[in-house]
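In: Build me a model:
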Amino acid sequence: MEIIDSRKDSVEIGRSSSYGDDLLGLLLNQMDSNKNNLNVQMIMDECKTFFFTGHETTSLLLTWTLMLLAHNPTWQDNVRDEVRQVCGQDGVPSVEQLSSLTSVRS
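Out: I've put the predicted structure just below:
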């Protein structure tokens with residue numbers, strides 16, 4: 001709430017010509033250009049929706065991935081062997097090693 005208020009104050013006193021170019025700034029600019037009342041609660045709800053939607057999407061992706069691997073044990077074994085071969089016994093890939101995991105990308 002403090003961030004929203006500080007951005008609104010910056011525009012009102014002329015220190016800034018826009019609310020910013022991030023998600024919050026875009027919402028504030030849109031509401032201001034449509035002459036809507038800058039309702040703080042509504043803006044906070046929109047930001048929460050974006051935040052939680054991203055988390056939900058990621059969790060669904062991981063759930064489907066694990067379900068498909070569970071239904072295809074042969075493919076699961078192939079992927080597990082490839083990860084061990086590329087990443088060693090730890091099986092924890094580094095960013096550089098991810099491009100070497102060809103079965104996972106298919």
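In: For the residue of the chain most remote from its centre, what are phi and psi?
Out: For the chain, the C-alpha farthest from the mean C-alpha position belongs to I13; by Cα atoms, centre = their mean, that distance is 33.2 Å. Dihedral pair for I13: phi -90, psi 0, per degrees, to the nearest 10.
In: Output the longest helix belonging to this structure.
Out: helix 40-71 (DSSP state H).
In: buried set for it?
Out: 43, 46 (16 or more other Cβ atoms under 10 Å). Yep, even glycine has a C-beta here, placed from its N, CA and C like the rest.
In: neighbouring contacts of the helix or strand immediately after it in the chain?
Out: Using DSSP states H and E, the next helix or strand after helix 40-71 towards the C-terminus is helix 73-87. Applying Cβ atoms under 8 Å, 6 or more residues apart in numbering, the external contacts of helix 73-87 come out as 69-70, 91, 93-94, 97, 100-104.
In: could I get those as TSV with secondary structure and distance to L24?
Out: Converted to TSV, the contacts of helix 73-87 look like this (DSSP: H, G, I helix; E, B strand; the rest coil; distance: Cβ to Cβ, whole Å):
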residue	secondary structure	distance to L24
L69	helix	38
A70	helix	40
G91	coil	39
P93	coil	34
S94	coil	34
Q97	helix	36
S100	coil	39
L101	coil	36
T102	helix	40
S103	helix	40
V104	helix	35
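In: ok, of the residues you listed, which come out buried?
Out: The buried subset of the contacts of helix 73-87 (16+ other Cβ under 10 Å) comprises 93, 101.
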